[in-house]
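**Q** I would like the atomic coordinates for the input below:
(4 chains)
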Protein chains: 2
Amino acid sequence: MSRLLLENTPKHEPYHHGNLHATLLEAARALVEEVGIDGFSLRELARRAGVSPAAPYHHFKDKAALIQALAQESQVRLGIASQHAIKGITDPMQRLSALGVAYVLYAFEHPSEFRIMFRQELRSPLGELEQPDIEPDPAFVLLKDTLIECRDAGCIPITGEKALELASINMWALVHGLATLIIDGPLSHTFRTKEQVIELTQQITRGQ
Amino acid sequence: MSRLLLENTPKHEPYHHGNLHATLLEAARALVEEVGIDGFSLRELARRAGVSPAAPYHHFKDKAALIQALAQESQVRLGIASQHAIKGITDPMQRLSALGVAYVLYAFEHPSEFRIMFRQELRSPLGELEQPDIEPDPAFVLLKDTLIECRDAGCIPITGEKALELASINMWALVHGLATLIIDGPLSHTFRTKEQVIELTQQITRGQ
DNA sequence: GTTTTATCTAAGCACTGCTTAATATCCGAA
DNA sequence: TTCGGATATTAAGCAGTGCTTAGATAAAAC
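**A** Next up is the predicted model:
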């Protein structure tokens, strides 16, 4: 039983350095948030983890693979944050708005993480088609589900599967664009505080 | 008279290498489009321009400054493309839609250029507050103007300056998010051809 | 023709990603 | 208990990078 549990989590811990794989990811997250994705280097990461510059290459194929892993973690975190945001809210439209705010807020509070999630160039350096499975973005799934709730409750007129797809793309593009403009674009000068960001997002998503 | 004209354009051309400043920008644009922003290097650029690795530093403070200049050029180009897109169209709502399509299409056809325009990290490496003036994005100005046309024609109910600001942010975020999701996000797998992109954008912007 | 100014190069420093070969540590079997 | 094999890590080095400093070259100004 406990054996099964151990086999489930593929960590070979009590070897040399403890669990370097996890340590690297953790340190990488902090480093990226500190110096940005362009200032991020594997050597500095190794330095901070207290290992040699070559050590990370035994846990990640290359720099891009590590960043890819980081991006996947962030996707999960964003999904969790989204679920947290709608917990306790019953009205479908309010759930939808809360999801939007959670999305933009996550970008605002973890800008480097957010950027990494949408930088395809970083992930597969030369189209090596090595992505094991196109895992669906959990935040997007949640958004789509909530949109269905809204439709079923009669709040939004959506007829047909295609209209649903379009509506979800619409909503996603809206909050994603808002997030990008706020953290990297011209809106960054105007909307600085968390409260301003929340208010703007609510106003924008309400208009839908 | 012609002297005045020459003084207007600050090129000191017939020196050493001809006009290296412009040559560098041109070659940089091609190089970035070819290898992406992360694969772009000043040394390779110098190589292609046929000058020494140190030469570009006499025309641009550093790599970030060159990319900044490139981004500014792209902003102008996007503005021109937008103007081109609405030329001849009189109906305000159709003009608005055409603007949206032009925006997304520009991103689709010049993805590297588009990314550069929205990568603040690249431009001022350590917040050196050296940007001379916050020049307004020409494409955004055009969008706002067209939105005013729509309001004045009675197509969209907008009351007050603040509502106008919100509506333009709304529209901008929508097309910007769409563009980002198409070139860097999950929609890149679904929407591949120019025709697909145009159709999607029209459907999305029509829903507004 | 000389001086001044603009333009470019040569050489080098510190850093990077990544590879190859050798080394340390642990685990399980003889 | 020893030992072989798998696991984890290091050392050393290559090619490439951004950027700086000092010097060379050519055009402009006088």
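
**Q** can you pull the contacts of the nearest residue in space to residue A:102 that is not next to it in sequence?
**A** Using Cβ to Cβ, 6 or more residues apart in numbering or on different chains and skipping the chain neighbours, the partner closest in space to residue A:102 is residue A:85 (3.6 Å). Every C-beta, even on glycine, is put in place using the N, C-alpha and C of the backbone. By Cβ atoms under 8 Å, 6 or more residues apart in numbering or on different chains, residue A:85 lies in contact with A:98-99, A:101-102.

**Q** mind listing the helices for chain A?
**A** With helices called from DSSP state H, chain A shows them at A:2-8, A:20-39, A:42-49, A:63-86, A:92-109, A:111-117, A:120-123, A:138-152, A:161-183, A:194-206.

**Q** how about those in a markdown table, adding distance to DNA strand C?
**A** Putting those into a markdown table (distance: least, Cβ to the nearest atom of the strand, whole Å) gives the following:
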| stretch | distance to DNA strand C |
| --- | --- |
| helix A:2-8 | 11 |
| helix A:20-39 | 8 |
| helix A:42-49 | 4 |
| helix A:63-86 | 3 |
| helix A:92-109 | 24 |
| helix A:111-117 | 14 |
| helix A:120-123 | 11 |
| helix A:138-152 | 28 |
| helix A:161-183 | 23 |
| helix A:194-206 | 31 |
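
**Q** Nearest to DNA strand D among those helices would be which one?
**A** Checking these against DNA strand D by Cβ to the nearest atom of the strand gives helix A:20-39 as the closest, at 3.7 Å.

**Q** Which residues outside the closest one are in contact with it?
**A** So helix A:20-39 is contacted by A:11, A:17, A:40, A:44-45, A:48-49, A:51, A:55-56, A:59-60, A:66-67, A:69-70, A:73, A:110, A:112-113, A:115-116, A:119, A:122, B:121-122 (Cβ under 8 Å, 6+ apart).

**Q** Please spell out the ChimeraX selection for the buried subset of the residues you listed.
**A** Of the contacts of helix A:20-39, the buried ones can be selected in ChimeraX as follows, counting by 16 or more other Cβ atoms under 10 Å in any protein chain shown:
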select /A:40,44,45,49,51,55,56,59,60,66,67,69,70,73,110,112,113,115,116,119,122 /B:121,122
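
**Q** can you narrow the contacts of helix A:20-39 to ones near DNA strand D?
**A** Restricting those to those adjacent to DNA strand D (criterion: Cβ under 7 Å from any atom of the strand) gives A:17, A:51, A:55, A:59.

**Q** Lowest-confidence member of these, which is it?
**A** Scanning these for pLDDT, the low point is residue A:17. It has 70.

**Q** so who does that one touch?
**A** A:23, A:50-51, A:55.

**Q** re the thing from before, between the ones next to DNA strand D among the contacts of helix A:20-39, which sits nearest chain B?
**A** Proximity of those to chain B, judged by Cβ to the nearest Cβ, is greatest for residue A:59, which lies at 22.1 Å.

**Q** For chain A, which residue gets nearest to DNA strand D?
**A** Counting by Cβ to the nearest atom of the strand, chain A gets nearest DNA strand D through residue A:17, at 2.4 Å.

**Q** burial of residue A:136, as a residue count?
**A** Residues lying near residue A:136 (other Cβ atoms under 10 Å in any protein chain shown) number 11.

**Q** Do you know the pLDDT at it?
**A** Reported pLDDT for residue A:136: 71.

**Q** sorry, back to before: can I get the contacts of residue A:17 in TSV with distance to residue A:89?
**A** Listed next are the contacts of residue A:17 as TSV, based on distance: Cβ to Cβ, whole Å:
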residue	distance to residue A:89
A:23	37
A:50	45
A:51	45
A:55	46
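
**Q** picking that back up, quick one: which of the helices of chain A is nearest residue B:93?
**A** Within those, the stretch nearest residue B:93 is helix A:161-183; the backing value is 17.2 Å (Cβ to Cβ).
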